[in-house]
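Participant: My questions are about this predicted structure, shown below with the sequence.
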Amino acid sequence: MDSRSVAHHIEDSDHQAMAHRLYTLVFPLDSDNNRVLLGLKKRGFGCNKFNGFGGKVEATETIAEGAVRELVEESGLVATSMQNCGLLLFYFENDPVAMEVHVYLAHTYEGTVIESDEMRPQWFDIHDMPFSQMWADDSRWWPFVLRGEKFVGQFWLKADQATITREHLYAVESLGFV
Ligand SMILES: CNc1ncnc2c1ncn2[C@@H]1O[C@H](COP(=O)(O)OP(=O)(O)OP(=O)(O)O)[C@@H](O)[C@H]1O
């Protein structure tokens, strides 16, 4: 078990024992214009979906360091302030390893948005997200972001990666255990 995993803080004994692989997911916000930067994934897992920027946390870095690194690799932006806003746990049918995704909002950043091999960035109105081209869970928890609430979400998905068979989503006062 990765010592950085926070899964043991989630009260769900069935799944606490599972191995969790750590990921980050960062959403750069342009608050003045009510916009968020998403990227169209050009290859690999989640190909052709819009999402925030992120990926696997490497063994040598903290989760927050991984978030900053993936953001710059995939969008060109260097985050100068980030806020941890959510924790997502994904359990795919027939996969013994759960995905543990640490979600961040980047309120300030430097640099210029660039397209990478992996992502094509595009700004969207925060109230008009392209949910039909995003992961099925995104439309469930994005309202928490809009309300400024921190959240924990557990989603069980079929092997088709599209069908949610069970979910447990709730607001939390703090993600201080992260
Ligand atoms: C199931 N519902 C989901 N809803 C919202 N976001 C999801 C997600 N499932 C995966 N994600 C995100 O997708 C990225 C995958 O990262 P992924 O490309 O696999 O990682 P990384 O860039 O390290 O991979 P390479 O091995 O270098 O290609 C990563 O941000 C992860 O949080």
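Facilitator: Perfect, thanks for sending it.

Participant: Going by C-alpha atoms from here, please, whenever you check contacts or count neighbours.
Facilitator: OK.

Participant: helix or strand for F27, which one?
Facilitator: strand 19-30 (DSSP states H and E).

Participant: For the chain, what lies in contact range of the ligand?
Facilitator: Neighbours of the ligand within the chain, by Cα under 6 Å from any ligand atom: 23-25, 44-45, 53-56, 90, 101, 135, 137-138.

Participant: quick check, nearest of these to E173?
Facilitator: V101 (18.1 Å; Cα to Cα).

Participant: What backbone torsions are found at E73?
Facilitator: phi -60, psi -40 (degrees, to the nearest 10).

Participant: surely it meets E115?
Facilitator: No: using Cα atoms under 8 Å, E73 is not in contact with E115, being 9.7 Å away.

Participant: Can you list the neighbours in contact with the strand holding F27?
Facilitator: Outside strand 19-30, the residues that touch it by Cα atoms under 8 Å, 6 or more residues apart in numbering are 1-2, 5, 7, 35-38, 52-57, 63, 66-67, 70-71, 96-109.

Participant: Narrow the residues you listed to just the buried residues.
Facilitator: The neighbour-count test (16 or more other Cα atoms under 10 Å) applied to these identifies 5, 7, 35-38, 52-57, 63, 66-67, 70-71, 98-107, 109 as buried.

Participant: What about these, which are in strands?
Facilitator: Those of the buried ones among the contacts of strand 19-30 mapping onto strands are 35-38, 98-107, 109, per DSSP state E.

Participant: for this protein, which spans come out with low pLDDT?
Facilitator: 1, 12-16, 178 (pLDDT under 70).

Participant: Tell me what the most centrally placed residue in it is bridged to.
Facilitator: Nearest to the mean C-alpha position of the chain, by Cα atoms, centre = their mean, lies L25 at 3.1 Å. In this entry, L25 is beta-bridged to V103, by DSSP bridges.

Participant: What of G153?
Facilitator: Beta bridges link G153 to L88, L169 when assigned by DSSP bridges.

Participant: and it, what does it touch?
Facilitator: G86, L87, L88, L89, W141, E167, H168, L169, Y170.

Participant: Go again with 6 Å.
Facilitator: L88, H168, L169 (Cα atoms under 6 Å, 6 or more residues apart in numbering).

Participant: Quick one: neighbours of the last one, just the number.
Facilitator: This points to L169. Neighbour count of L169, defined by other Cα atoms under 10 Å: 15.

Participant: Next one: it from L105, what distance?
Facilitator: From L169 across to L105, the span is 19 Å (Cα to Cα, to the nearest Å).

Participant: Kindly report the same for the second one.
Facilitator: Per Cα to Cα, H168 is found 22 Å from L105.

Participant: The first one now?
Facilitator: Applying Cα to Cα, the value for L88 to L105 is 14 Å.
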